[in-house]
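[1] dropping the sequence and predicted coords here.
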Amino acid sequence: MTTLTGRLKREHQTLVCMTHIYCDHHHQDHHGSELCEDCARLMTYARKRLEKCPYGVNKPTCANCPIHCYKPVQREMARNVMRFAGPRMTWRHPWRSLTHLFDKMRRVEHPMKMRSELRRRRSAAGQESSKPRA
């Protein structure tokens, strides 16, 4: 398993905090600071998805992402976790909430759009270099 760094690590830690808030309130079958089995599975899944994100460190928050990389069941579970824990994050983890708010304001283009733009620039640069010099 690769190690998450930077914004990806911070986003995963924010989701873990939200899941702890959700799990503490909704599931009684976990022990102390540990998540229940379903929530722990969701966090493992979320980590794998973050590791494979095509945006990499430029990833927008999931709410602003044009690519839906979660399977429907996990996506609905994550949505329920975020919907419940989001408002409570302000009180439990104020700094993490603030950085997440700033991350939400970032705008990022779709990776395929960025790739086609890069190809267009390269082909334009190639055409310019193939022109005869006067």
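    Cool, the structure landed. Numbering: from 1, shown residues only.
[2] check the residue nearest to residue 65 when sequence neighbours are not counted and give its pLDDT.
    Of all residues not flanking residue 65 in the chain, residue 59 sits nearest, at 7.2 Å (C-beta to C-beta, 6 or more residues apart in numbering). Every C-beta, even on glycine, is put in place using the N, C-alpha and C of the backbone. You'll see residue 59 listed with a pLDDT of 77.
[3] quick check: residue 59 vs residue 9, distance?
    According to C-beta to C-beta, to the nearest Å, residue 59 stands 11 Å off from residue 9.
[4] out of the two, which sits in the busier spot?
    Taking neighbours as other C-beta atoms under 10 Å, residue 59 and residue 9 compare with residue 59 leading, 20 against 14.
[5] so who does the more buried one touch?
    By C-beta atoms under 8 Å, 6 or more residues apart in numbering, the residues touching residue 59 are 7-8, 11, 50, 53, 65, 108.
[6] from those, which two are the most distant?
    50 and 108 (14.8 Å; C-beta to C-beta).
[7] higher neighbour count, these two?
    Neighbours per residue (other C-beta under 10 Å) separate residue 50 from residue 108, with residue 50 holding more: 21 against 15.
[8] from residue 81, how far out is residue 54?
    Distance, residue 54 to residue 81, by C-beta to C-beta: 23 Å.
[9] ok, these two, which is more surrounded?
    The residue with more neighbours, out of residue 54 and residue 81, is residue 81; 22 against 14, by other C-beta under 10 Å.
[10] secondary structure element for the more buried one?
    helix 72-92 (DSSP states H and E).
[11] now the following helix or strand past that helix - C-alpha only, PDB.
    As assigned by DSSP H and E, the chain's next helix or strand after helix 72-92 is helix 94-105. Taking Å, rounded to 0.1, in the frame of the first residue of the first chain, the C-alpha atoms of helix 94-105 are listed here in PDB:
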ATOM      1  CA  PRO A  94     -12.300  23.000  14.100                       C
ATOM      2  CA  TRP A  95      -8.900  23.200  12.300                       C
ATOM      3  CA  ARG A  96      -9.600  20.200  10.100                       C
ATOM      4  CA  SER A  97     -13.000  21.700   9.300                       C
ATOM      5  CA  LEU A  98     -11.500  25.000   8.300                       C
ATOM      6  CA  THR A  99      -8.900  23.400   6.000                       C
ATOM      7  CA  HIS A 100     -11.600  21.200   4.500                       C
ATOM      8  CA  LEU A 101     -13.700  24.300   3.800                       C
ATOM      9  CA  PHE A 102     -10.700  26.000   2.000                       C
ATOM     10  CA  ASP A 103     -10.100  22.800   0.000                       C
ATOM     11  CA  LYS A 104     -13.800  22.800  -1.000                       C
ATOM     12  CA  MET A 105     -13.300  26.200  -2.600                       C
END
